[in-house]
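**Q** Provided below are the primary sequence and the corresponding predicted coordinates.
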Amino acid sequence: MSHVLTVNAGSSTIKFAVFEDDTCLVSGNAERIGSAHACLTIAAGEGAAERAALPPEGLHDHAGAMAAILSELGARLGHVRIDAVGHRIVHGGLFYDRPTGITPEVIARLESLSPFAPLHQPHNLAGVRAAMAAFPDAMQMACFDTAFHRNHPFVNDTFALPRAYYDKGVRRYGFHGLSYEYISGELARVAPLLHAGRVVVAHLGNGASMCGLLNGRSIASTMGFSALDGLPMGTRSGQIDPGVLLYLLQQEGMSGDEIADLLYRRSGLLGMSGLTNDMRELEASDRQSARDAIEYFVFRIRRELGGLAAALGGLDALVFCGGIGENSRLVRRRVCVNLDWIGIELDEGRNAENAFEISTRHSRVRVLVIPTQEDLVIARAANAMLSRGGAS
């Protein structure tokens, strides 16, 4: 059987998993790469994660993290040969609307997109280079967070700027596409009538967005040109009046780098609460600022839900996924309360149980909780490419 390593490299993390077909053999996460608090956790199959012992130098950079991951995988799966490495790449731009094999030419194109995703793309590519060095004989493949949204109607992709900017690539791309692709596939498997209908998926986590699906395909997304737009996130601002940015630039004298740091790293739940970007800690806090951050987060979800339902021409189902969507009973309840006007009636007991379906049997709109598996989407794409002989 073919064995695929999936790699999801962020600014200070590398999430990874080894699959044999659809079966996960090992998974783990290297966190806080480059800091004194770096750690590597790893789990076999469905077992509990355990912290791995690290060499004295720790996870000093992405190459060091990949070396530590390789060492741990070798200890656990010494007999397994990695046939392919599948990478999550945040931005595929106008170049890629489907998975593709990675070549020097592909890397050069992806590097040219770094200005579109400055805090994601370089780290994704660092993971690619580290994996290429570690597995020189394996097929390397990229899956793109933007690809699932590439066939939006024009009005959902454009900004009201001169058309020349749209032609240059200044348009709404949408992100979290691997998560939405998985949810779409699961709906086709377990609820085909819903898959054929009008569904809003709320991917709620440290990164958060929502997507409107019609017949399983993306029609509109809350994220736009960058991964900053739409919902507030753990540390990202979400939707903001462009006039605020002009004010910060012209009146506060902030540089572009300072504004980027503010919007990407010091805003969202963290910035509003002044406490944390972790929803669990916010829910446990008695600070008013924590309550305000949760209230705004919920308010924006409800507002975007109405807009996406309008774009879809109605609503048949709402699906929660992502770390917050899958685990926060409070957020789900507060999103769904008093939404009978749109057809949602929440079953409080089933919501408290984290059930698959948390709406009542009388609810006109079904509300589901489906854990997302982006790494499985990548593994399946890599296996499909291997079966075609590695063709892009």
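**A** The structure has been received and is ready for your questions. Computed from a predicted model, the values in this text were never measured in an experiment.
**Q** where does this protein have low pLDDT?
**A** Applying pLDDT under 70 to the chain flags residues 46, 55-57, 390-392.
**Q** So which residues of it form strands?
**A** According to DSSP state E, the chain carries its strands in the segments 3-9, 14-20, 23-31, 39-44, 50-51, 84-89, 100-101, 139-144, 198-203, 209-214, 217-221, 317-321, 366-369.
**Q** Touching stretch 227-236 from outside, list them.
**A** 90, 117, 120, 172, 175, 204-210, 221-224, 237-240, 263-272, 277-278, 293, 296-297, 300-301, 304 (C-beta atoms under 8 Å, 6 or more residues apart in numbering). Using the backbone N, CA and C atoms, a C-beta is placed for each residue, glycine as well.
**Q** From the contact counts, what lies against the longest helix seen in the chain?
**A** Scanning the chain for the helix with the most residues, using DSSP state H, yields helix 288-312. With contacts taken as 3 or more C-beta pairs under 8 Å, 6 or more residues apart in numbering; DSSP states H and E, helix 288-312 sits against strand 198-203, strand 209-214, strand 217-221, helix 268-273, helix 279-284, helix 329-336.
**Q** Need the strands of the chain in CSV (columns: distance to residue 161).
**A** As requested, the strands of the chain are arranged in CSV below (distance: least, C-beta to C-beta, whole Å):
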stretch, distance to residue 161
strand 3-9, 32
strand 14-20, 36
strand 23-31, 39
strand 39-44, 44
strand 50-51, 49
strand 84-89, 26
strand 100-101, 29
strand 139-144, 24
strand 198-203, 27
strand 209-214, 22
strand 217-221, 19
strand 317-321, 32
strand 366-369, 37
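**Q** In contact with residue 158, which residues?
**A** Here residue 158 is in contact with 166, 171, 172 (C-beta under 8 Å, 6+ apart).
**Q** now do residue 99
**A** 86, 141, 142, 143, 144, 147, 381, 382, 384, 385, 392.
**Q** Next up, the contacts around the residue lying closest to it once chain neighbours are set aside.
**A** Nearest residue to residue 99, sequence neighbours excluded (C-beta to C-beta, 6 or more residues apart in numbering): residue 381, at 4.2 Å. For residue 381, the contact set (C-beta under 8 Å, 6+ apart) comprises 86, 99, 141, 143.
**Q** Format these as JSON lines; extra columns: distance to residue 353.
**A** Formatted as JSON lines, these follow (distance: C-beta to C-beta, whole Å):
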{"residue": "86", "distance to residue 353": "34"}
{"residue": "99", "distance to residue 353": "36"}
{"residue": "141", "distance to residue 353": "38"}
{"residue": "143", "distance to residue 353": "33"}
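**Q** Select only the buried ones of the residues you listed in ChimeraX?
**A** One line in ChimeraX is enough to select the buried ones among those; burial here means 16 or more other C-beta atoms under 10 Å:
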select :86,99,141,143
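**Q** Just to check, residue 96 is in contact with residue 147?
**A** Yes - with contact defined as C-beta atoms under 8 Å, residue 96 counts as touching residue 147 (6.1 Å).
**Q** So which of the contacts of residue 158 are in helices?
**A** Members of these lying in helices (criterion: DSSP H): residue 166.
**Q** which among the contacts of residue 158 end up buried?
**A** Those of the contacts of residue 158 that meet the buried threshold are 171, 172, by 16+ other C-beta under 10 Å.
**Q** Now do the residue located most distally from the centre of the chain against residue 272, distance only.
**A** What lies farthest from the middle of the chain is residue 251; by C-alpha atoms, centre = their mean that is 34.2 Å. Look at residue 251 and residue 272: by C-beta to C-beta, to the nearest Å, they are 22 Å apart.
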